[in-house]
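1. Sequence and predicted structure below; questions after.
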Amino acid sequence: MTRVQNRRAPARGGELDDCLHACAVHSGKVVGSLDRRRAELAEQLRKLLVVVATEGTTTPAPAPAGGATALLKRAVKGAASPSGGINNDLLDALLAVANKALECGYNDELNLALVISDTVLAQRKNSRAGWRLRARILEGLGEEREAIEAYERYLELTKDDGFGVANRISGLRRAGERESELLDLLKRQVPAAVDHVRAPSTATWAEGLALQAVGDWQAAEPRLVGALLSLAEDEAPVNDRQELLSQYLDLRLAEGNDAGVTEAVALYAEQRRIRMRGPVGNPTVDGVQWISLGEFRNQIAGKSVCLIANSGRVGASGMGKEIDNYDLVVRFNSYKIDPKNTGERTDIHVSIHKHAFNWEKPVTTRLIFGGVSGDWKHSLRNKLVPGAQKYLGDESLRWPMRNIGQIGADAWSGIPTSGFNMLWLLDFLDVSPTLDLIGFDFYESGAYRVQEAMKLAITSVHEYTSEKDWVMQRAQSVTDMRISLR
């Protein structure tokens, strides 16, 4: 056994000064790290330094990453706590540090992220980002019960589940049910295991391994299963339970001549699959039909199409009725419905696979775009909402500009936006008598999105200037609100 520890999440106080001190101390561990993730964490700690120093009584100048440790410590020591708790700039900086710490995945970084999340929630008890962060950290630590509670609190505070949190909760619960079924099966298959449940799990497991090593599997197995049952009763972290379940099944398979092991392995695999992928099965269930490029062409042929931007200009357009008069209304990613300005209908929802904003909204057709096939498939399995769409674009529609048009990074270096991918596809198919863009100013008027998405950056990896030039070269008419390509 490599480890059996009834590890609980560490006690946290939630004090801002203590949190900043923890960040200062941790910065000394990661500055200059060769680990890419820890180097990125060090950079976020440096940015936190700038925010803290700016708000304090002293304002040290920003320094290169190598000097972050000393300056952050000095800033924390010399700065007064921001009046009124955490302001928006400090909140964003702390969340950025915590998210990078979470990506590292190591226990030290997970504990730092947990300190930050508790501090955020102590200062802002209704912070959606704080509750979601806390849930993700607790899940990483294997504290699933607490993670589910935090996820549920997040859902109570938001109307737009753009991150697929409800699906994640369902997955964790169903995985826990399957794990319980597996342990019940082991208890029935190895009835002598109940005699070892009350003993310390670490010692019991070690005794079982020692007996197995000398060839006494009959005496070893009840102890190994007893230790597993004990860990479950004590609500030990899921990570520990999973590791030992895997080791036990490996040992049992190695013994051979075991007719009951197949059922146990199947249950183990099922609960592992659900934890990794969520509870949504094959996305073709519940009446959903895959459509290919050719079938999508037939779906839009001869119909007037409007593409609605998620721009501030649309949010004040007053064009709702006019938008709904098109044969097909296309909306993107985290679109916001405001009947007066945006219209009410959505016939085609186009989204990048990385987010799940509006995936629960019923539409006729949903096209999910993604550059990497494996990541795209994983997102569909985890985030697709059965019954929310009749048609779903297949692999042929996954990444139109690159895969259909064969336009590589040498010809178009930027990552095409969802809107541009869709527009390029419609222009390429050339079967729509009317093809209008409503409110496309390439975010010059700011974003108009569901609330949960408003903090998402308008990322620089997209070449909006190139996209605008492409559109204007093909425009047949242009007004303040409408660009017509046909």
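-> In hand now; what should we look at? Numbers count the residues shown, from 1 in each chain.

2. Quick check: next helix or strand after the worst-scoring helix or strand of the chain on mean pLDDT?
-> Of all regular secondary-structure elements in the chain, judged by mean pLDDT, DSSP states H and E, the least confident is helix 68-78 with a mean of 45. Going down the chain from helix 68-78, the next helix or strand is helix 88-104, by DSSP states H and E.

3. what comes into contact with that following helix?
-> Residues from elsewhere that reach helix 88-104, judged by CB atoms under 8 Å, 6 or more residues apart in numbering: 19, 23, 26, 35, 37-38, 40-41, 44-45, 47-48, 51-52, 55, 82, 86, 109-110, 112-113, 116-117, 119-120, 123-124, 127, 129-130, 133, 136-137, 140. From N, CA and C alone the C-beta is placed, and that goes for glycine too.

4. Who are the contact partners of residue 444?
-> So, once contact is read as CB under 8 Å, 6+ apart, residue 444 ends up touching residue 311.

5. Point out where the chain drops to low pLDDT.
-> Segments of the chain classed as low confidence (criterion: pLDDT under 70) are 1-13, 55-85, 277-287, 457-463.

6. separation between the residue nearest the centre of it and residue 483?
-> Taking CA atoms, centre = their mean as the criterion, residue 163 is the residue nearest the geometric centre of the chain, at 5.7 Å. Here residue 163 is placed at a distance of 32 Å from residue 483 (CB to CB, to the nearest Å).

7. where do the helices sit along the stretch 101-250 of the chain?
-> In the stretch 101-250 of the chain, helices defined by DSSP state H, counting those that start in this stretch lie at 107-123, 128-140, 144-157, 165-189, 201-213, 217-233, 238-255, listed in chain order.

8. Looking at those helices, spot the one closest to residue 393.
-> Taking CB to CB as the criterion, residue 393 comes closest to helix 165-189 out of the helices of the stretch 101-250 of the chain, the separation being 20.0 Å.

9. tell me which element residue 366 is part of?
-> Under the assignment here (DSSP H and E), residue 366 is part of strand 363-369.

10. what's the following helix or strand after that strand?
-> Downstream of strand 363-369, the next assigned helix or strand under DSSP H and E is helix 373-383.

11. Now do that following helix against helix 165-189, angle only.
-> On the basis of axes from the mean of the first three to the mean of the last three CA atoms, to 10 degrees, helix 373-383 is oriented at 80 degrees to helix 165-189.

12. Summarise which helices and strands helix 373-383 is packed against.
-> Helix 373-383 is packed against helix 165-189, helix 261-277, strand 363-369, with contacts defined by 3 or more CB pairs under 8 Å, 6 or more residues apart in numbering; DSSP states H and E.

13. try 7 Å
-> Using 3 or more CB pairs under 7 Å, 6 or more residues apart in numbering; DSSP states H and E as the contact criterion, the elements in contact with helix 373-383 are strand 363-369.

14. Now the residue nearest to the centre of the chain: phi and psi?
-> Residue 163 has phi and psi values of phi -100, psi 10 when expressed as degrees, to the nearest 10.

15. Now do it against residue 148, distance only.
-> Relative to residue 148, and taking CB to CB, residue 163 is found at 15 Å.

16. same deal with residue 235?
-> Taken as CB to CB, the spacing of residue 235 relative to residue 148 amounts to 12 Å.

17. and if you look at residue 401?
-> With the distance defined as CB to CB, residue 401 ends up 40 Å from residue 148.

18. Between these two, point out the one with more neighbours.
-> Relative neighbour count places residue 401 above the other of residue 401 and residue 148, with 22 against 19, counting by other CB atoms under 10 Å.

19. for that one, what are its contacts?
-> When the contact criterion is CB atoms under 7 Å, 6 or more residues apart in numbering, the partners of residue 401 are 407, 416, 421, 424.
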